[in-house]
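[1] here you go, sequence then predicted model.
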Amino acid sequence: MTSNNGYVYLIGAGPGDPGLITVRGLNCLSRAEVVIYDYLANDSLLSHAGKNAELIYAGKIGGAHNHEQSQINNLLVQKALDGKVVARLKGGDPFVFGRGGEECEALKAAGIPFEIVPGVTAALGAAAYAGIPLTHRDITTSVALVTGHEHPAKENSEIDWQRLSLGSGTVVFYMGVKNLQQITTNMIDHGRPPETPVALVRWGTRPEQEVLIGTLADIAAKARKAGFKAPAITIVGEVVRMRDKLRWFDSRPLFGKGVLVTRATDQAGEFTALLEELGATVWECPTIQIVAPESTVAIDTAIAELATFSWVIFTSINTVQHFFTRLHALGLDSRALGSCKICAVGPKTAAAIAQHGITPDMIPQSYKAEGVIEAFHSMELAGKRILYPKADRARDLIPKALGEMGAEVTDPVAYRNILPEDVPPAILQALEERKIQCVTFTSSSTVDNLAKLLGENRFLHLLEGVAVAAIGPITSKTCQEMGLKVAIEPSQYTIATMTDEIVRYFSSLHSNEEK
């Protein structure tokens, strides 16, 4: 970088899936003080920019220019001359129909240093996600990338239609949906057989990806009938026939399904990842915010008396995290639990405890309060002290039942569930537009809180026709009391099992639709 001027990174954001941006691209984006981004760059990538970075939208949608190219060039130059580090985030690759060359020319003329960070271009990304290899040893060894939308000021086309048409290679047209009839006619007129397979891939690599298959003879009519619109690429060639065998992305069991996850922000990640791997579009709407108790006196007092307890019962990852936070705050570590036996409700809670070097002595077969009570039934509890750190809204079932068995149960509040301020606008819009087909509840609190955030009437209206997934009978009961019909309830009360049941539910619906 120069001492006087700024610096510009032209970054290829890839065709849509945010995971396809390069490591270098993310690194450069994180340094930016200004981000000028395109319509086709995934918005989620903007979260990787610096916290105080200026975000400027410079996209172009179907010819309706938000900024003319010359304005974008001038903006890049001006921001750099102001001494800023600028990230120009472009969909696909900057140098493949991305007008990156024009922007670099403007920067070079102004003496602005720059770097090109290549990206996955749409032809490569969309074809791969559609299950279409652009080259194949048994079919073709060449591929041509062609604009389907030449500059309107050109008097004559620069596309060599005869060579494109007579060759046996794959041809990929960018931005060609509007001119599809002209493209197919030109190829047929110049010698490519009318029965040549064609694939249109819209929003390639994204959850909303659509693929339309036809031939040069009929694809334009099929596209009109289906209302197929940009942004899309057109793949022409025998390799399109491979899609039936190699299709993977849009054949996943939850592809095209919108799923609402209502877990707390710090717990939603695992669930979201599981669902996305299966093709779902996940909308995270935290209905619970996990915070420390208003007073830590009770939990601190219990920790000071750990040597007097026979058992400590942990019923969630949250109780483990908040218990050990207080333990460490008091200058203690896992050795303070040396004389206690540990009960973990469920494998995830057990795994959280194991991170502190402790193997639980008991994991009840049923991952709920009733399972804990059943596990302790065969024990002699008279005179035993049991510590049960809990959430502020936890049921009193465990302390009451174990107390009736003769135990002395201490149940300090380890953490609180509080209500977030509101539902994100994007979630409301998705619900209103019926983009969400399944809502997941992992506790009664998530049900109650979503109803409070939306208002009861709106809650029922927005979830009408949406499949409700509840993690267990207690959560299901709360759903039913709120007027919801539960469609999915796993036999084991885990996120993994719940995910399996969601897949089974939608697979069953799909099978019934095909009959």
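    It's in.
[2] so where's the stretch 251-400 of the chain uncertain?
    Applying pLDDT under 70 to the stretch 251-400 of the chain flags the ranges 266.
[3] same question but for the stretch 101-250 of the chain, I mixed them up
    Within the stretch 101-250 of the chain, the stretches with pLDDT under 70 are 150-156.
[4] please enumerate the strands of the stretch 1-150 of the chain.
    Counting by DSSP state E, counting those that start in this stretch, the stretch 1-150 of the chain has these strands, from start to end: 7-12, 34-37, 54-57, 60-61, 64-65, 85-90, 114-117, 143-147.
[5] highest mean neighbour count out of these?
    Greatest average neighbour count among the strands of the stretch 1-150 of the chain goes to strand 85-90 (a mean of 28), per mean count of other Cβ atoms under 10 Å. All C-beta spots, glycine's among them, are computed from the backbone N, C-alpha and C.
[6] parallel or antiparallel, list what pairs with it.
    Within its sheet, and counting by DSSP bridges, strand 85-90 is paired with strand 7-12 (parallel), strand 34-37 (parallel).
[7] nearest residue to the residue sitting nearest the centre point of the chain other than its sequence neighbours?
    Against the mean C-alpha coordinate of the chain, by Cα atoms, centre = their mean, the closest residue is residue 282 at 5.3 Å. With sequence-adjacent residues excluded and distances taken as Cβ to Cβ, 6 or more residues apart in numbering, residue 282 is closest to residue 272, at 4.7 Å.
[8] mind telling me what element that neighbour is part of?
    helix 265-277 (DSSP states H and E).
[9] how about residue 360?
    Here residue 360, judged by DSSP H and E, is contained in no helix and no strand.
[10] who does the nearest residue to it once chain neighbours are set aside bridge with?
    Excluding its sequence neighbours, the residue lying closest to residue 360 (Cβ to Cβ, 6+ apart) is residue 344, at 3.9 Å. Per DSSP bridges, residues listed as beta-bridge partners of residue 344: residue 314.
[11] mind listing what residue 344 touches?
    Residue 344 is in contact with 314, 350, 352-353, 360, 362-363, counting by Cβ atoms under 8 Å, 6 or more residues apart in numbering.
[12] number of nearby residues for the closest residue to residue 379 other than its chain neighbours?
    Residue nearest to residue 379 in three dimensions, not counting chain neighbours: residue 405, with 7.9 Å by Cβ to Cβ, 6+ apart. As a burial measure, residue 405 scores 16 neighbours (other Cβ atoms under 10 Å).
[13] from residue 309, how far out is residue 302?
    For residue 302, the distance to residue 309 equals 8 Å [Cβ to Cβ, to the nearest Å].
[14] tell me, what's touching those two both at once?
    Both residue 302 and residue 309 are contacted by 387, 410, under the criterion Cβ under 8 Å, 6+ apart.
[15] burial count for the nearest residue to residue 166 once chain neighbours are set aside?
    Spatial nearest neighbour of residue 166, chain neighbours left out: residue 191 (4.7 Å); criterion: Cβ to Cβ, 6+ apart. The number of residues packed near residue 191 is 13, by other Cβ under 10 Å.
[16] got the phi and psi for residue 191?
    Residue 191 adopts backbone torsions of phi 110, psi -10, taken as degrees, to the nearest 10.
[17] ok, it touching residue 164?
    No - contact criterion Cβ atoms under 8 Å: residue 191 and residue 164 do not qualify, at 9.5 Å.
[18] ok, now which ones touch the residue nearest to residue 166?
    If you count contacts by Cβ under 8 Å, 6+ apart, residue 191 has them with 162, 165-166.
[19] please report how far residue 37 lies from residue 307.
    Taking Cβ to Cβ as the measure, residue 37 falls 59 Å from residue 307.
[20] again, but for residue 132
    The spacing between residue 132 and residue 307, counted by Cβ to Cβ, is 66 Å.
[21] burial check on the nearest residue to residue 418 once chain neighbours are set aside, number of neighbours?
    Leaving out its chain neighbours, the residue that sits closest to residue 418 by Cβ to Cβ, 6+ apart is residue 289, at 4.9 Å. Look at residue 289: counted by other Cβ under 10 Å, it has 15 neighbours.
[22] my guess is residue 289 contacts residue 421. True?
    No - counting by Cβ under 8 Å, residue 289 stays clear of residue 421, with 9.0 Å between them.
[23] before we move on, the earlier item: so which of the contacts of residue 344 wins on neighbours?
    Comparing the contacts of residue 344 by number of neighbours (other Cβ under 10 Å), residue 314 comes first, having 27 neighbours.
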